[in-house]
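Asks: sharing a model that was predicted from the sequence below.
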Amino acid sequence: MRGLSAVVALVAYLALAGAAAARTDAGPRAETAIFYYPWFGTPARDQEYVHWQQGGNTPPARIASGYYPARGLYSSSDGLVLAVQMREIASAGISTVIASWWGRGSVEDRRLPRVLAAARARGLAVAAHLEPYANRTVASTRTDIGYLRGLGVRDFYVWASSQLPDAEWRELNLSLRTVRLFANTNLAGRAAAGGFDGLYTYDVLLFDGALFPRLCSQARRLGLLCAPSVGPGYDARRATGDMRQRPRRDGATYDAMWRGAVAARADLVTVTSYNEWHEGTQIEPARSGKRGYQSYDGAWGLRGRAAETAYLERTGYWTRRFNSSRR
């Protein structure tokens, strides 16, 4: 855009951002949130393996991940598993669990009440990651927000928000109260055009910590909350055949992303992810020494059993640093 058109567009963005900011809490808050996937299943609890078998894999010997869970293959419907997972998340200094949600009636929807109960028992808030379920529209998202709001969800992260019209998002966002919506984008102007409260990046393959200072600076100029996503690495070869990778570098990748988020003075830091095993972004404990699978051995000099929880412990270190930086 050039000349008068650019000026008009900027004024519109600022007006929309101001309206969005009016329905968010005033002042900076040190918040940390983590993406969580309640979609796993096992024959013992769910009659079959669910998600562990993705990509033609044959559990329990071969699963849809380059890593193997330290607790073994589990069902996200198991209350005992949920309780331990939420304890781990809370112990790492995370304040919010962002649960993947695929529409009314989905497996993730049916399991949400248990996730809510387990999280709240550990003092954790629960947000919703609104995924692109079949025939999702802005109008259906309005209904979804009303439903989830009734369950106590206040924050909504909209994956692939740019696939739907900015004007429709703007109309929805300007009508909402007592909730916050975050657009999945690295373009602050796009989030502002849709009237969102903030933005998050999620993708830890394409984006790294070097982007965050510039992104958050742009977001602040438009009155948006900046919630960049940090992660340990990326490897989806076994689950999806995607040959692209971001190596973990014994923890250096994770540190660099956190360092960028802290330097950016992010309003929130979002972590990709607790347990997206398919894409190898998980920080959930992974088994050391499992034949045919990668491990966290070498991360921050740790090996064996000590390395299995290395990323959870390092998350605790970074959440403390982030909290201190925001005071």
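Replies: Okay, I see it.

Asks: could you find the closest non-adjacent residue to the residue nearest the centre of the chain?
Replies: In the chain, the residue lying closest to the centroid (Cα atoms, centre = their mean) is residue 35, at 3.2 Å. Nearest non-adjacent residue to residue 35, counting by Cβ to Cβ, 6 or more residues apart in numbering: residue 273, 4.1 Å away. Yep, even glycine has a C-beta here, placed from its N, CA and C like the rest.

Asks: with residue 270 instead?
Replies: Nearest in space to residue 270, with sequence neighbours left out and distances taken as Cβ to Cβ, 6+ apart, is residue 229 at 4.5 Å.

Asks: where do the strands sit along the stretch 51-200 of the chain?
Replies: With DSSP state E, counting those that start in this stretch as the criterion, the stretch 51-200 of the chain has strands at 96-101, 125-130, 155-158, 180-184, 198-200.

Asks: mind putting those strands into a markdown table with distance to residue 235, mean pLDDT and mean neighbour count?
Replies: Below are these laid out as a markdown table (distance: least, Cβ to Cβ, whole Å; pLDDT from 0 to 100; neighbours: other Cβ atoms under 10 Å):
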| stretch | distance to residue 235 | mean pLDDT | mean neighbour count |
| --- | --- | --- | --- |
| strand 96-101 | 19 | 98 | 25 |
| strand 125-130 | 21 | 98 | 24 |
| strand 155-158 | 23 | 98 | 26 |
| strand 180-184 | 21 | 98 | 25 |
| strand 198-200 | 22 | 98 | 29 |
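
Asks: so which of those strands is nearest residue 312?
Replies: With Cβ to Cβ, the closest approach to residue 312 among those belongs to strand 96-101: 14.0 Å.

Asks: chain center to the closest one: distance?
Replies: 7 Å (Cα atoms, centre = their mean, to the nearest Å).

Asks: just stretch 236-247 next, same as before
Replies: Going by Cα atoms, centre = their mean, the spacing between the C-alpha centre of stretch 236-247 and its chain's C-alpha centre is 19 Å.

Asks: over to stretch 141-158?
Replies: With Cα atoms, centre = their mean as the basis, stretch 141-158 stands 16 Å off its chain's centre.

Asks: among the strands of the stretch 51-200 of the chain, which is nearest residue 302?
Replies: Closest to residue 302 of the strands of the stretch 51-200 of the chain, according to Cβ to Cβ: strand 96-101, at 25.4 Å.

Asks: what inclination does the closest one have with respect to strand 125-130?
Replies: 30 degrees (axes from the mean of the first three to the mean of the last three Cα atoms, to 10 degrees).

Asks: strand 96-101 packs against which elements?
Replies: strand 31-36, helix 107-121, strand 125-130, strand 155-158 (3 or more Cβ pairs under 8 Å, 6 or more residues apart in numbering; DSSP states H and E).

Asks: save those as JSON lines, and put in distance to residue 83 too.
Replies: Listed next are these as JSON lines, based on distance: least, Cβ to Cβ, whole Å:
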{"stretch": "strand 31-36", "distance to residue 83": "14"}
{"stretch": "helix 107-121", "distance to residue 83": "5"}
{"stretch": "strand 125-130", "distance to residue 83": "14"}
{"stretch": "strand 155-158", "distance to residue 83": "23"}
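
Asks: and of those, who's closest to residue 311?
Replies: So among these, strand 31-36 is nearest, using Cβ to Cβ, at 11.2 Å.
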